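Asks: What shape does this take:
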Amino acid sequence: MSTLDRAFLSALLGIGGLIVVILIRGDRTVPQVDQFNYHQQTISPFKAQLHFTFNREMDKASVEQGFRITPETSGRFSWLGRKMAFTPSLPLPYNTQFQIEIRDALDANGIALPVTYQSQFSTTEQRLVYLGSEGEERLRLVLWKSQSQTRQILTPPHLMVLEHQPSQDGQTLYFSATDKNNIDPTFHWTSLQQVFSLHLPTQELKLVADNKGVINYGFVVSEDQRTVVLARLDRHAPDIEDPFSLWFKSSDQSQWQPLPQQGIVDVPFFLSPDAYQVLGPGSSGFVLIPLAAQATPQYVGSFTHAYGFSPNGQKLLFTKTSRQDDFTQYSHLIVLGADGSKHTALQNYGVLDHLRFGPQGETIYFVMTQGKQDVSMSLPFHLYAYHLPSQSLRPLTQDPEWSEEAFHISQDGQRIVYERYPTLEEDNLGPEFRDTLERTGEDLSNAELWVFEIESQSNNPLHLKGRKPQWLP
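Replies: A predicted model of the protein is given here:
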């Protein structure tokens, strides 16, 4: 037997002996936390689920009893083998540092953690994005941070932004914009928009949909970011008034595809939370158009405006208006259920606009005028909240010197950011006319951004000028 063979045989005998000792005496290593998914990270306060992976099977009761999170946070535990998850009952507070401890925990054989496991993580400060309207911010997306009171221009100066939508995780912004360096003089600049994505942590800018041969009219991104739906029209169509068509692209597709079934003829349109169907105006009323080829479109009804789905997708929100005479307009707030139920939640003189469900789906927020609508003037809009279970209406703003218009609710439901216009100025137009002017590229620089605090019922200026504010998750 050669020297190499003897060495190999000795190694095998040594390994075999070690295995025998382990089998006789048992595994004498100690239990420990191998991994915590948010260790020393800064995360979004929403949908945060803490995952802990141990190096062996643990005694679940002792781990849960020894788990501490500071500030104290209620939640539930779940297990899958050696992995434990802690899911907070409510969204975590913004701009907070959390301390984690697991002490006196035992493994399945009764062996204790030798030392207390410790870690920490933080939540982001509250941030919002708005469309700038003054100076170098004009027609560019701007990020504002509430704690540090700082602003950051996000989009390059050659892109003139029209619409924007943040992703559900707050990491990506999708927006439509026209490139100043690529203007076709035969078309208005707002008809030359393309769709982009901007990854905030890396500032990586990507083209999502170009405008080659087409006019893009609007887009919407699914909650999981796997599907984008886009309205477009052939730029060289003989009749520019022909209805546009809806196109979509999934994350596993390289090319845009037209929806198998069409029928939506105007903007805005809304994608259901499950990305299964699109709600929009048809030729004779509102329709639901499925993205799947084998599904059947559904006629919803005749209304004036649609405002989308509830967070769980089980309700649809509409308004319907009628006139008693040239000076008085009735507005009806209508909620349709997935079961076919129809509830007229509110009837009022005046105009309703910018309706949206709150994060829990029980409250509808909107702006509304009150009193007779004189065709020669525009009454101020104010913020209201309508609670569906109690059928109660509550005004949130009432200052006659201001008109509140486009707004957005934070994901924790605690703050509403909104556009505010002075009513004494001559160009107090109202949201519908203002939106129309904006689509033609008019300068609307007199909007101030304010915040309504739900808990304190107070209104506070942010000292920002801009439009279309949206909180980031």
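
Asks: what about Ser62, neighbour count?
Replies: Close neighbours of Ser62, defined as other Cβ atoms under 10 Å, add up to 18. In this view, the C-beta of every residue, glycine as well, is placed from N, C-alpha and C.

Asks: just Pro258 next, same as before
Replies: When counting by other Cβ under 10 Å, one arrives at 11 neighbours for Pro258.

Asks: Same question for the one 4 residues further on.
Replies: By the other Cβ under 10 Å criterion, the neighbourhood of Gln262 contains 15 residues.

Asks: same question, Gln277
Replies: 20.

Asks: Report pLDDT for it.
Replies: Per-residue pLDDT puts Gln277 at 95.

Asks: shouldn't it be in contact with Pro290?
Replies: Yes: here Gln277 reaches Pro290: they are 4.7 Å apart, a contact under Cβ atoms under 8 Å.

Asks: Walk me through the domains of the chain.
Replies: 33-123, 155-302 (automatic domain parsing).

Asks: Turn those domains into JSON lines, columns for distance to Thr369.
Replies: Compiled in JSON lines, the domains of the chain are given as follows (distance: least, Cβ to Cβ, whole Å):
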{"stretch": "domain 33-123", "distance to Thr369": "33"}
{"stretch": "domain 155-302", "distance to Thr369": "21"}
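
Asks: Glu136 should be in a helix, yeah?
Replies: Yes: assessed by DSSP: H, G, I helix; E, B strand; the rest coil, Glu136 belongs to a helix.

Asks: Go ahead and confirm it touches Ile153.
Replies: Yes: taking Cβ under 8 Å as the definition, Glu136 is a contact partner of Ile153 at 6.8 Å.

Asks: neighbour-wise, which of these two wins?
Replies: Using other Cβ under 10 Å as the criterion, Glu136 and Ile153 rank with Ile153 on top: 13 against 9.

Asks: residues touching the more buried one, list them.
Replies: The contact partners of Ile153, by Cβ atoms under 8 Å, 6 or more residues apart in numbering, come to Gly132, Glu136, Glu137, Arg140, Leu141, Val142, Leu143.

Asks: and it, what are its bridge partners?
Replies: With beta bridges defined as DSSP bridges, Ile153 has these partners: Val142.

Asks: do you know how far it is from Arg415?
Replies: 23 Å (Cβ to Cβ, to the nearest Å).

Asks: With Gly132 instead?
Replies: 20 Å.

Asks: Would you state the helices of the stretch 351-473 of the chain in chain order?
Replies: 431-439 (DSSP state H, counting those that start in this stretch).

Asks: hmm, back to that, separate out the buried members of the contacts of Ile153.
Replies: The neighbour-count test (16 or more other Cβ atoms under 10 Å) applied to those identifies Gly132, Glu137, Arg140, Leu141, Val142, Leu143 as buried.

Asks: Considering those residues, which is situated nearest to Lys60?
Replies: Closest approach between those and Lys60, by Cβ to Cβ: Leu143, at 42.3 Å.

Asks: Now do the contacts for the closest residue to that closest one other than its chain neighbours.
Replies: With Cβ to Cβ, 6 or more residues apart in numbering as the criterion, Leu143 has its nearest non-adjacent residue at 4.5 Å, and that residue is Gln152. Going by Cβ under 8 Å, 6+ apart, Gln152 touches Val142, Leu143, Lys145.

Asks: Quick one: those as JSON lines, columns for distance to Pro273 and pLDDT too.
Replies: Below are those laid out as JSON lines (distance: Cβ to Cβ, whole Å; pLDDT from 0 to 100):
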{"residue": "Val142", "distance to Pro273": "28", "pLDDT": "98"}
{"residue": "Leu143", "distance to Pro273": "26", "pLDDT": "97"}
{"residue": "Lys145", "distance to Pro273": "28", "pLDDT": "94"}
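
Asks: which intervals of the protein have sub-threshold pLDDT?
Replies: Counting by pLDDT under 70, the chain contains low-confidence residues at 1-28, 237-243, 326-327, 349, 371-378, 424-445.

Asks: what's the burial count for the residue lying closest to Arg140 once chain neighbours are set aside?
Replies: Using Cβ to Cβ, 6+ apart and skipping residues adjacent in sequence, the residue nearest Arg140 is Thr155, 4.7 Å away. Residues near Thr155, counting by other Cβ under 10 Å, number 22.

Asks: tell me the contacts of Thr155?
Replies: Contacts of Thr155 (Cβ under 8 Å, 6+ apart): Arg140, Leu141, Val161, Phe175, Ala177, Leu198, Leu205.

Asks: Most neighbours out of those residues, which is it?
Replies: Phe175 (26 neighbours).

Asks: quick check, that one in a strand?
Replies: Yes: using three-state DSSP, the assignment for Phe175 is a strand.

Asks: how near is the closest residue to it other than its chain neighbours to Ala177?
Replies: In this structure, Phe175 finds its nearest non-sequential neighbour in His164, 3.9 Å apart by Cβ to Cβ, 6+ apart. His164 sits 9 Å away from Ala177 when distances are taken as Cβ to Cβ.

Asks: Please consider this matter closed, and thank you.
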